[in-house]
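**Student:** everything below, folded, please.
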Amino acid sequence: MSETMADFEKELEASFRKLKEGDIIDGVITSVDDSAAYLDINYHTQGIVKKEDYSDDPSFSMQSVPVGDTVKVVVLSDDDGEGNVALSVKEASKNLAWEKVKQYLADGTVLTLKVGGIVNKGVIAYVEGLRGFIPASHLAIGYVEDTNEFLGKTVEAKVITADEAKNRLVLSVKEVLYDKRREEKERKINAVEPGSILEGKVESLMPYGAFIDLGDGLSGLVHISQIVKKRIESPGEVLKVGQEVKTKVLKVENGKISLSIRAALDDDKPAREPREHKDKTPSISYKDEGSASTGLGALLAGIKLDN
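**Tutor:** Residues are numbered from 1 along each chain as shown. Below you'll find the predicted structure:
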């Protein structure tokens with residue numbers, strides 16, 4: 001009795017339901033032939049998906065569609081002329097794919113993709129079945145002379161444009177590479193210890209201080225007050241671009257390294273000489289009294305000669 005009531009409620013719901021073009025609904029595949037799949041869509045009539053609305057793959061066969069599976073479909077028409085609801089699996093997949101790539105764009109998701117084709121000024125890669133374009137200028141950080149080198153290669157990319165209305169999906173490998181470079185730089189900066197002494201070269205001079213190239217892609221700022229102890233009007237008074245300097249790390253904060261040349265110089269000053277120990281043998285100094293020259297008479301004085 002409960003099953004009969006459930007069936008009655010299902011039929012009642014279906015009688016009030018109104019489908020319209022563009023709706024995405026679920027359907028259960030009840031049967032398949034060479035030209036179409038037939039679906040139970042909880043409606044007063046069945047739904048039908050023709051082969052051309054199931055897949056664009058030239059090798060696709062309707063016999064590969066499993067009866068009993070639930071699939072998402074888009075309503076193409078509430079009446080195909082024969083009393084069926086015309087449906088499309090292909091369009092549903094495309095609509096859902098656009099929702100996914102828009103979410104990828106919003107989240108900044110890094111996608112692993114295979115370059116599947118070469119076109120003018122770029123390459124092609126597919127995301128969720130959608131054709132995406134990677135401009136040559138977004139294949140690398142530097143200039144890419146030959147895009148053919150990327151054919152068949154796997155790359156990491158981000159979605160930078162997802163325009164469903166214009167069917168325009170643009171991807172970037174360069175953005176991922178920039179992110180990795182920034183992360184690596186942050187890691188290196190955070191590894192710098194305050195108080196450490198670093199050597200570098202003056203990279204540029206500004207009115208407020210000097211930027212020091214510390215190597216390995218890192219640089220730090222020496223504020224004008226940290227160059228020398230005396231007051232100076234401009235860093236150029238005591239520094240020049242390319243000059244090698246020794247600096248002390250004052251702090252590392254918000255991805256910036258603050259340096260001091262004067263503090264490094266203070267650290268380099270030798271300690272005060274300790275007083276000599278009392279029992280240490282004193283040094284002997286010689287004082288020259290008299291003439292610096294010695295005559296022959298003086299040398300022979302006091303020498304007794306035998307007769």
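
**Student:** so in this protein, where's the weakest helix or strand by average pLDDT?
**Tutor:** When the helices and strands of the chain are scored by mean pLDDT, DSSP states H and E, helix 296-300 comes last with a mean of 36.

**Student:** shaky segments in the stretch 101-250 of the chain?
**Tutor:** For the stretch 101-250 of the chain, no stretch has pLDDT under 70.

**Student:** okay, strands next: where are they in the stretch 101-250 of the chain?
**Tutor:** Secondary structure of the stretch 101-250 of the chain (DSSP state E, counting those that start in this stretch): strands at 111-119, 122-127, 130-135, 154-163, 168-172, 197-206, 209-215, 218-223, 244-253.

**Student:** elements contacting the last one?
**Tutor:** Okay, so that is strand 244-253. Contact here means 3 or more CB pairs under 8 Å, 6 or more residues apart in numbering; DSSP states H and E; on that basis strand 244-253 packs against strand 197-206, strand 209-215, strand 218-223, strand 256-260, helix 261-268. C-beta here means a position set from N, CA and C on the backbone, and glycine is covered the same way.

**Student:** could you dump the ones you listed to JSON lines with distance to E21 and mean neighbour count?
**Tutor:** Below are those laid out as JSON lines (distance: least, CB to CB, whole Å; neighbours: other CB atoms under 10 Å):
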{"stretch": "strand 197-206", "distance to E21": "63", "mean neighbour count": "16"}
{"stretch": "strand 209-215", "distance to E21": "62", "mean neighbour count": "20"}
{"stretch": "strand 218-223", "distance to E21": "59", "mean neighbour count": "20"}
{"stretch": "strand 256-260", "distance to E21": "57", "mean neighbour count": "20"}
{"stretch": "helix 261-268", "distance to E21": "73", "mean neighbour count": "15"}
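
**Student:** can you list these in JSON lines and add distance to S172?
**Tutor:** Formatted as JSON lines, those follow (distance: least, CB to CB, whole Å):
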{"stretch": "strand 197-206", "distance to S172": "29"}
{"stretch": "strand 209-215", "distance to S172": "29"}
{"stretch": "strand 218-223", "distance to S172": "26"}
{"stretch": "strand 256-260", "distance to S172": "27"}
{"stretch": "helix 261-268", "distance to S172": "41"}
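
**Student:** nearest approach to N95 belongs to which of the ones you listed?
**Tutor:** Counting by CB to CB, N95 lies closest to strand 256-260 out of the helices and strands packed on strand 244-253; the figure is 46.3 Å.

**Student:** any idea of the angle the closest one forms with strand 197-206?
**Tutor:** Compare the direction of strand 256-260 with that of strand 197-206 by axes from the mean of the first three to the mean of the last three CA atoms, to 10 degrees and you get 100 degrees.

**Student:** run the chain-centre distance for strand 256-260.
**Tutor:** Distance of strand 256-260 from its chain centroid, counting by CA atoms, centre = their mean, to the nearest Å, is 24 Å.

**Student:** neighbouring strands for that strand, and are they parallel or not?
**Tutor:** Strand pairing for strand 256-260, using DSSP bridges, gives strand 218-223 (parallel), strand 244-253 (antiparallel).

**Student:** now those in TSV, with distance to V28?
**Tutor:** Shown next, in TSV, are these (distance: least, CB to CB, whole Å):
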stretch	distance to V28
strand 218-223	61
strand 244-253	60
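
**Student:** and Y126, which of the ones you listed is closest to it?
**Tutor:** Nearest of the strands paired with strand 256-260 to Y126, taken as CB to CB: strand 218-223 at 39.3 Å.
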